[in-house]
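[1] Mind folding the following:
(one chain, ligands or ions: 4)
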Amino acid sequence: MAAAAHSLLHPPAARKAPTPTPHSPPSPSPFLRLPSAACPRHPHRLRSTSPSAAAADLTAFPNPSDIFPPIDVDAATEVELRENGFRSTRRTKLVCTVGPATSSPAQLEALAVGGMNVARINMCHGDREWHRAVIREVRRLNEEKGYAVAVMMDTEGSEIHMGDLGGAASAKAEDGEVWTFSVRAFELPLPERTINVNYDGFAEDVRVGDELLVDGGMARFEVIEKLGPDVKCRCTDPGLLLPRANLTFWRDGSIVRERNAMLPTISSKDWLDIDFGIAEGVDFIAVSFVKSAEVIKHLKSYITAKSRGSDIAVIAKIESIDSLKNLHEIIRASDGAMVARGDMGAQVPLEQVPSIQQKIVQLCRQLNKPVIVASQLLESMIEYPTPTRAEVADVSEAVRQRADALMLSGESAMGRYPEKALSVLRSVSLRIEKWWREEKRHEALELQGVSSSFSDKVSEEICNSAAKMANGLGADAVFVYTKTGHMASLLSRCRPDCPVFAFTTSTSVRRRLNLQWGLIPFRLSFSDDMDSNLNRTFSLLKARGMIQSGDLVIAICDMLQSIQVMNVP
Ligand SMILES: Nc1ncnc2c1ncn2[C@@H]1O[C@H](COP(=O)(O)OP(=O)(O)OP(=O)(O)O)[C@@H](O)[C@H]1O
Ligand SMILES: CC(=O)C(=O)O
Ligand SMILES: [K+]
Ligand SMILES: [Mg+2]
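    Numbering: from 1, shown residues only. Ligands and ions are numbered 1, 2, ... in the order given. Next up is the predicted model:
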């Protein structure tokens, strides 16, 4: 299949919502007694008419609820597959923080069309009703329009931060101005140049002469006087103060961690938010300011007990010095990690952030955990319609490191150009991935074994071999039939040259696979008869224009420890 040329920063014309497949409507199978050939939930999706597919449906899956719809893939991905061919589909996944700029149904749909794989909501901002409305709208889009956008809830955590500025969108601190940072509760409106601080011990812990950094240095103050609960500070680096911005204080060149180091990673408010997330069925919970593996293990067992079967993935946000000390254990205990460069850059010298990013990305790959690179990737696009060259280079570097996902924060939450920012991530990812495939494919990362049990080791070896064969033979795709998603993630870990079509029976596994590099997750019911699975998949995908006769496919499966190589008939 010809790869369409993707021009940097000039993505193809904005795509419309998917249109009906251009096939003539098939006649309904006599066995299935369907009212029409169209899927009732997704009327634009036509069912396959191939006799072999119908026969496979009938023999392996007699329950009609398993058959509706026979195969399901994210609508935006389907358009991309049909337009560009699957060799050039995007491998790097995209996470968008949803905020006031993107919370309406139309804005959310525009992000889904633009390739958002995961919608992130940040519990630092907004109230639960607001977040509930966003989660439900994403679910509705998935149900009614055929997208497969997953939802990630990000906890507030209990680090020190400012209050909400009495409702103002931002405040400007100018050089030399004196501001009051206070732990008092104020009546609204807030007195002028006053900032509320959420941590009760703040006024006791800081000392005159300390430096106070807002958002890791977006504005800087010097503590000049302490008056009971009030701390007077002079602005030494002017900047914009945003609601609930993070605060750190520094003494003699290092960050001060007094009693606030003892604050729990998951606060009582966070636990309530987590209950809310479980009840709303989010796919991922990202835990802010993780310090140890214990908190991740605790949360995972809490989720298991509370959510009875539905598995929510726990993502460890690496954004503090403590998390760096315990990096291996934390990542091992988690289902994935986020390089949260915003707060990280407030805790370690900025020049260390790039090497820390690279280290975390590589470690996650070794340990087979998806990793998200987050914060300020396209910061200038909060205000401007094009990124800086340096931002494009930063995005390129994260793609080149082969991180699983890139994340937009303020760019999509409250910026002026959320869709443009997303399209920049998309086109830079596509361009760098293509360049990598063409030029850099020999710079492979030496992967060590990650499995402990014998059967997992077998799965891992099969995935390694399948990926190697796919590269060696120039295969068009690897197909993996997986109930839990585990084999799909092992394949993704190999970062093969071709995309991985991951077929799974469960919608929640399918949404979780959305975060992993190079996977195109499909929901499909399948049996342990691989020949019938393959025939059925080929005819379903061919009917939808997603594969063609002659395409070379390598197929593996959870249940059978074999590798098949075949051309699509
Ligand atoms: N739900 C929301 N309601 C209002 N504003 C929001 C919301 N979500 C995000 N924002 C705005 O977008 C900005 C960037 O969002 P983001 O989630 O990246 O915040 P952050 O403070 O950088 O992240 P974190 O708190 O996880 O470190 C926030 O500072 C806030 O101004
Ligand atoms: C995303 C986030 O929490 C950070 O960068 O700090
Ligand atoms: K957060
Ligand atoms: Mg943070």
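[2] doesn't Arg234 make contact with Gly176?
    Yes: taking contacts as Cβ atoms under 8 Å, Gly176 lies within contact range of Arg234: 6.5 Å. To be clear about C-beta, it is placed using only N, CA and C from the backbone, and glycine gets the same treatment.
[3] the more surrounded of those two?
    Arg234 (17 against 9; other Cβ atoms under 10 Å).
[4] ok, now how distant is the more buried one from Phe249?
    Distance, Arg234 to Phe249, by Cβ to Cβ, to the nearest Å: 14 Å.
[5] what does Val480 give?
    According to Cβ to Cβ, Val480 and Phe249 sit 50 Å apart.
[6] With neighbour numbers in mind, choose between the two.
    Comparing Val480 with Phe249 by other Cβ under 10 Å, the one with more neighbours is Val480, at 28 against 23.
[7] tell me the mean pLDDT over the helix or strand where the more buried one lies?
    Take DSSP states H and E as the rule and Val480 turns out to sit in strand 477-481. Strand 477-481 shows a mean pLDDT of 96 in the predicted model.
[8] Neighbouring strands - and their directions - for the one helix or strand Val373 maps to?
    Here Val373 sits within strand 371-374, counting by DSSP H and E. Each strand that pairs with strand 371-374, with its direction, by DSSP bridges: strand 336-340 (parallel), strand 405-408 (parallel).
[9] Tell me who's in contact with whichever residue of the stretch 251-400 of the chain sits closest to ligand 3.
    For the stretch 251-400 of the chain, the residue closest to ligand 3 is Ser288, as judged by Cβ to the ion, at 4.5 Å. Listed by Cβ atoms under 8 Å, 6 or more residues apart in numbering, the contact set of Ser288 reads Asp154, Thr155, Glu156, Gly157, Glu159, Thr265, Lys317, Glu319, Ala340, Asp343.
[10] State the distance from it to Pro264.
    Using Cβ to Cβ, we find Ser288 at a distance of 12 Å from Pro264.
[11] one step back: for the strand holding Val480, what is the distance to the chain centroid?
    Averaging C-alpha coordinates over strand 477-481 and over its chain gives two centres that are 22 Å apart (Cα atoms, centre = their mean, to the nearest Å).
[12] Mind giving me the packing neighbours of the helix or strand just after it?
    Next along the chain after strand 477-481, taking DSSP H and E as the criterion, comes helix 486-493. Helix 486-493 is packed against helix 454-473, strand 477-481, strand 500-504, strand 519-524, strand 552-557, with contacts defined by 3 or more Cβ pairs under 8 Å, 6 or more residues apart in numbering; DSSP states H and E.
[13] Residues touching stretch 259-275, excluding its own?
    123, 128, 153, 155-160, 199, 201, 205, 285, 287-292, 295, 298-299, 302-303, 306, 322.
[14] Buried ones in it, by neighbour count?
    The neighbour-count check on stretch 259-275 (16 or more other Cβ atoms under 10 Å) flags Asn260, Thr265, Ile266, Ser267, Asp270, Asp273, Ile274 as buried.
[15] export those residues to TSV and tack on pLDDT, secondary structure and distance to ligand 4?
    Supplementary listing: the buried residues of stretch 259-275 in TSV, determined by pLDDT from 0 to 100; DSSP: H, G, I helix; E, B strand; the rest coil; distance: Cβ to the ion, whole Å:
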residue	pLDDT	secondary structure	distance to ligand 4
Asn260	74	helix	15
Thr265	91	coil	12
Ile266	93	coil	14
Ser267	90	coil	14
Asp270	95	helix	13
Asp273	97	helix	15
Ile274	97	helix	17
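[16] Go through those and say which is closest to Ser396.
    When the buried residues of stretch 259-275 are compared for distance to Ser396, the smallest value, 32.9 Å, is given by Thr265; criterion: Cβ to Cβ.
[17] Phi first, then psi, for that closest one.
    Per-residue torsions, Thr265: phi -60, psi -40 (degrees, to the nearest 10).
[18] Tell me the spacing between the closest residue to it other than its chain neighbours and ligand 2.
    Among residues not flanking Thr265 along the chain, Val295 sits closest, at 4.5 Å (Cβ to Cβ, 6 or more residues apart in numbering). For Val295, the distance to ligand 2 (Cβ to the nearest ligand atom, to the nearest Å) stands at 16 Å.
[19] List the residues that contact Val295.
    Going by Cβ under 8 Å, 6+ apart, Val295 touches Thr265, Ile266, Val287.
[20] For the last one, give its distance to Met559.
    Separation of Val287 from Met559 (Cβ to Cβ) stands at 34 Å.
[21] if you count what's nearby, which of those two comes out ahead?
    The residue with more neighbours, out of Val287 and Met559, is Val287; 24 against 14, by other Cβ under 10 Å.
[22] where does the stretch 301-450 of the chain dip in pLDDT?
    Judged by pLDDT under 70, the stretch 301-450 of the chain has its weakly predicted residues at 440-445.
[23] repeat for the stretch 1-150 of the chain
    Counting by pLDDT under 70, the stretch 1-150 of the chain shows low-confidence ranges at 1-68.
[24] repeat that with 80
    Counting by pLDDT under 80, the stretch 1-150 of the chain contains low-confidence ranges at 1-69, 84-86.
[25] OK, contacts around whichever residue of the chain sits closest to ligand 1?
    Closest approach of the chain to ligand 1 (Cβ to the nearest ligand atom) occurs at Ser409, with a separation of 2.8 Å. With contacts defined as Cβ under 8 Å, 6+ apart, Ser409 is in contact with Thr97, Gly342, Ala374, Ser375, Gln376.
[26] who does the residue nearest to the third one when sequence neighbours are not counted bridge with?
    Ranked by Cβ to Cβ, 6+ apart and with sequence neighbours excluded, the top spatial neighbour of Ala374 is Met407, at 3.9 Å. With beta bridges defined as DSSP bridges, Met407 has these partners: Val95, Ala374.
[27] wait, Met407 sits on Gln376?
    No: no contact is recorded between Met407 and Gln376 when judged using Cβ under 8 Å, the distance being 10.2 Å.
[28] Just give the number of residues close to the nearest residue to Gly209 once chain neighbours are set aside.
    In space, not counting the residues next to it along the chain, Gly209 is nearest to Val223; the distance is 6.4 Å by Cβ to Cβ, 6+ apart. The number of residues packed around Val223, counting by other Cβ under 10 Å, is 19.
[29] part of a helix, is Val223?
    No: checked against DSSP: H, G, I helix; E, B strand; the rest coil, Val223 lies outside a helix; its state is strand.
[30] Next up, the contacts around the closest residue to Leu515 other than its chain neighbours.
    Excluding the flanking residues, the one nearest Leu515 by Cβ to Cβ, 6+ apart is Pro370, at 4.7 Å. Under the criterion of Cβ under 8 Å, 6+ apart, the contact partners of Pro370 comprise Asp335, Gly336, Ala337, Cys364, Asp404, Ala405, Ser489, Ser492, Leu515, Gln516, Trp517.
[31] would you list those in JSON lines and tack on neighbour count?
    Formatted as JSON lines, the entries for the contacts of Pro370 read as follows, by neighbours: other Cβ atoms under 10 Å:
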{"residue": "Asp335", "neighbour count": "20"}
{"residue": "Gly336", "neighbour count": "25"}
{"residue": "Ala337", "neighbour count": "26"}
{"residue": "Cys364", "neighbour count": "25"}
{"residue": "Asp404", "neighbour count": "29"}
{"residue": "Ala405", "neighbour count": "25"}
{"residue": "Ser489", "neighbour count": "26"}
{"residue": "Ser492", "neighbour count": "28"}
{"residue": "Leu515", "neighbour count": "28"}
{"residue": "Gln516", "neighbour count": "26"}
{"residue": "Trp517", "neighbour count": "26"}
